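K.L.:
coords please:
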Amino acid sequence: MGNILVPFKKFLSNKNTITILGVLLGLVVLYFGYTWRIKQSISPQMVPYATQTLQSGTKITEDMIGYAEIPRDTINTMSGIITDVNAIRNKLVAYDSKIPASGFFFSDNIIDESEMPDSVFSNIRDGYTIFTLDVDNHSTYGNSIMPDNNIDLYLKTTDESGNLVFGRFITQIQVLAVKDSSGNDVFANKDDLKEPSQLLFAVPEDLFLLLSKAYYLGNFEIIPVPRNRTYANSSGATEITTEVLQQMIIEKTFIIPGECTDITNC
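P.N.:
Numbering: from 1, shown residues only. Below you'll find the predicted structure:
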């Protein structure tokens, strides 16, 4: 038996033989490694996508999710794409985001429910307060008053003699949001506009008190009036234009000491 192994030992002890075997082994490793990498890059992976258009704030449920096979190399070029469906289920579409039907889910478009802000309230300036005005389709001129528009507010009432009093009260007041009766953004889906129910404004304390008192008195009607596109997109100061109307409100209400109903006393 020892004699039989002698030729093999000599063969294996030859340096040239070892070199050749090493090269062959290296080629085998390279071949299988390259083949594995190719298969990994072209082998498809199941990626979730939206089966319908998903608007901002939509809670994503299983029936809204489909799956498509996408080559891994393609996935690697799509920054932020979500491939794990568990990172999507029961999450919300982020504010100001919209996922189209057949569109993939990306990390920037998905948030937890606890992270969903109402940007109307998060963007209020210091010292300002939200005032809500009840409206309908008619008073918004067929849903023509939109967020970020600058409009005017008029007041309608009667004096002690029963005479009609009507005039412009506040100019250049910016609309923060238009909500429906459920508190949803009327313009969140332009293909399915909702019935407007509330206009939201951010106003300084003096205007908030005056507008609120006019509203609660009951005999003042606050009327929103839009202007042209230039006015709607302008950046003029929000001001009371009629001191007579301001004084009519003040005279009909009790003034709490230190209360700010006149900007000069704030």
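K.L.:
number of nearby residues for the nearest residue to Thr51 once chain neighbours are set aside?
P.N.:
In space, Thr51 comes closest to Gly66 once its chain neighbours are excluded; the distance is 4.5 Å by Cβ to Cβ, 6 or more residues apart in numbering. For glycine as for every other residue, the C-beta is placed from the backbone atoms N, C-alpha and C. Residues lying near Gly66 (other Cβ atoms under 10 Å) number 13.
K.L.:
before we move on, what SS does Gly66 have?
P.N.:
strand (DSSP: H, G, I helix; E, B strand; the rest coil).
K.L.:
Start the count at 10 instead of 1 going forward.
P.N.:
With 10 as the first residue, the last one maps to Gly75.
K.L.:
quick one: the helices in the stretch 60-209 of the chain?
P.N.:
Taking DSSP state H, counting those that start in this stretch as the test, the helices found in the stretch 60-209 of the chain are 81-85, 128-131.
K.L.:
weakest of those helices by average pLDDT?
P.N.:
Note on the helices of the stretch 60-209 of the chain: helix 128-131 shows the lowest mean pLDDT, a mean of 64.
K.L.:
per-residue confidence at Ile231?
P.N.:
Ile231 is given a pLDDT of 96.
K.L.:
So what touches the host helix or strand of it?
P.N.:
With secondary structure defined by DSSP states H and E, Ile231 is part of strand 230-235. Contact partners of strand 230-235, identified using Cβ atoms under 8 Å, 6 or more residues apart in numbering, comprise 142, 144, 148-150, 153-154, 158, 160-166, 177-178, 208, 220, 223-224, 241.
K.L.:
gap between it and the chain center?
P.N.:
For strand 230-235, the gap between its own C-alpha mean and the chain's C-alpha mean amounts to 28 Å (Cα atoms, centre = their mean, to the nearest Å).
K.L.:
so what strands line up beside it?
P.N.:
Neighbouring strands of strand 230-235 in its sheet, by DSSP bridges, are strand 159-167 (antiparallel).
K.L.:
gap between the nearest residue to Gly112 once chain neighbours are set aside and Asp201?
P.N.:
Spatial nearest neighbour of Gly112, excluding adjacent residues (Cβ to Cβ, 6+ apart): Ala59 at 5.3 Å. Distance from Ala59 to Asp201, counting by Cβ to Cβ, to the nearest Å: 17 Å.
K.L.:
out of those two, which sits in the busier spot?
P.N.:
Ala59 (22 against 7).
K.L.:
can you tell me how far Ile69 sits from Ser191?
P.N.:
In this structure, Ile69 and Ser191 are 20 Å apart, going by Cβ to Cβ.
K.L.:
So for the two, which residue has more residues nearby?
P.N.:
Ile69 (20 against 7).
K.L.:
can you give me the strands in this structure?
P.N.:
53-59, 74-80, 101-102, 119-120, 137-143, 159-167, 173-188, 207-213, 230-235, 248-249 (DSSP state E).
K.L.:
For Thr92, which of those is the nearest?
P.N.:
strand 53-59 (5.3 Å; Cβ to Cβ).
K.L.:
Not counting the closest one itself, show me its contacts.
P.N.:
73-81, 84, 90-92, 94, 97, 108-114.
K.L.:
Now do the contacts for Leu63.
P.N.:
Contacts of Leu63 by Cβ under 8 Å, 6+ apart are 69, 73, 102, 107-108.
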